[in-house]
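**Q** quick one, what's the 3D model for this:
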Amino acid sequence: MRTRFVATIAVATLAAVVASCGEANPTGGLLFTGSVNGASVRLINALTADQGLDFLVDGRMAASNTQFGSASPYIAVSADTLRLQAEGSISGTTLVDFTRDLSGGGSFSMVPAPGLNQFGALFIADDPSPVAAQVKLRGINVSAATGPVAIYLTGPNDDISSATPVIPALVFATASAYVTVPPGNYRIRLTPVSNPSEVLADVPSVILGARTVQTLLVTDAPGGGLPTTLSIILDN
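**A** The predicted structure follows:
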């Protein structure tokens, strides 16, 4: 069996930088309030360039320096049409800039990544609510170099050839539906669809706890191209 990469684990950043009336960014019309109609949004950094990303909502800093393969905290926002931007933390260059209507409420992730059409980012509806006594997870594939992938969860020493993928087919620029599995110690492997003998990324052992919600983020390598990277982001 050929292994092309051993994945690293990335966990969402725990601290947010919420703008006051500072002068670093325009004031804009955003109100950082408690959740209004349940609207919240976060940034997942899948850009392979070697710099963190700042997340701006209606011109105000919402979270700073989110590193590659990790996520900002969810930001509770006014349920409205909002301008969402990602800027390079070092360069200050605006890399993603678009508006979205969040007036219906809900939780969302903006995922900037190379090779995406239109705005250069996916905008995905999330469901970070937990399931009693279970782990809830999904995959997001923004690896332009990899192609469609399957994701396997097995015991740490299980043979993948007899396993069934928990996410059987995840194509580029899409997110899978959420699935649930029992909590426990898992090995997570990423392969091309229908080819378990070629392991693209391998997390040998990770504890997935009950009532957690996880995103398995598939990206190109830092700097671009292969080897494929698999990051685990805790959503709740």
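**Q** nearest the geometric middle of the chain, what residue?
**A** The centroid of the chain falls nearest to residue 44 when counting by Cα atoms, centre = their mean (4.6 Å).
**Q** and the next helix or strand past the helix or strand of the chain with the lowest mean pLDDT?
**A** Lowest mean confidence among the helices and strands of the chain (mean pLDDT, DSSP states H and E): strand 2-3, at a mean of 42. Downstream of strand 2-3, the first helix or strand assigned by DSSP states H and E is strand 39-43.
**Q** so what's residue 223 scoring on pLDDT?
**A** In this model, residue 223 is scored at 89, pLDDT.
**Q** who's in contact with it?
**A** Neighbouring residues of residue 223 by Cβ atoms under 8 Å, 6 or more residues apart in numbering: 48-50. From N, CA and C alone the C-beta is placed, and that goes for glycine too.
**Q** cool, and residue 124?
**A** Contacts of residue 124 by Cβ under 8 Å, 6+ apart are 108-109, 111, 140, 175.
**Q** can you list those residues in JSON lines and add distance to residue 235?
**A** Formatted as JSON lines, the contacts of residue 124 follow (distance: Cβ to Cβ, whole Å):
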{"residue": "108", "distance to residue 235": "12"}
{"residue": "109", "distance to residue 235": "9"}
{"residue": "111", "distance to residue 235": "13"}
{"residue": "140", "distance to residue 235": "11"}
{"residue": "175", "distance to residue 235": "12"}
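**Q** distance between the ends of stretch 99-116?
**A** End-to-end span of stretch 99-116 (Cα to Cα, to the nearest Å): 17 Å.
**Q** buried set for it?
**A** Across stretch 99-116, burial judged by 16 or more other Cβ atoms under 10 Å covers 102, 107-114, 116.
**Q** residue 209: which of those is nearest?
**A** residue 107 (20.0 Å; Cβ to Cβ).
**Q** count of residues packed around the closest residue to that closest one other than its chain neighbours?
**A** Of all residues not flanking residue 107 in the chain, residue 126 sits nearest, at 4.2 Å (Cβ to Cβ, 6 or more residues apart in numbering). Residues contacting residue 126 under the criterion other Cβ atoms under 10 Å number 21.
**Q** what about residue 126, distance to residue 170?
**A** Remark: distance between residue 126 and residue 170 (Cβ to Cβ, to the nearest Å) = 16 Å.
**Q** what of residue 181?
**A** For residue 181, the distance to residue 170 equals 16 Å [Cβ to Cβ].
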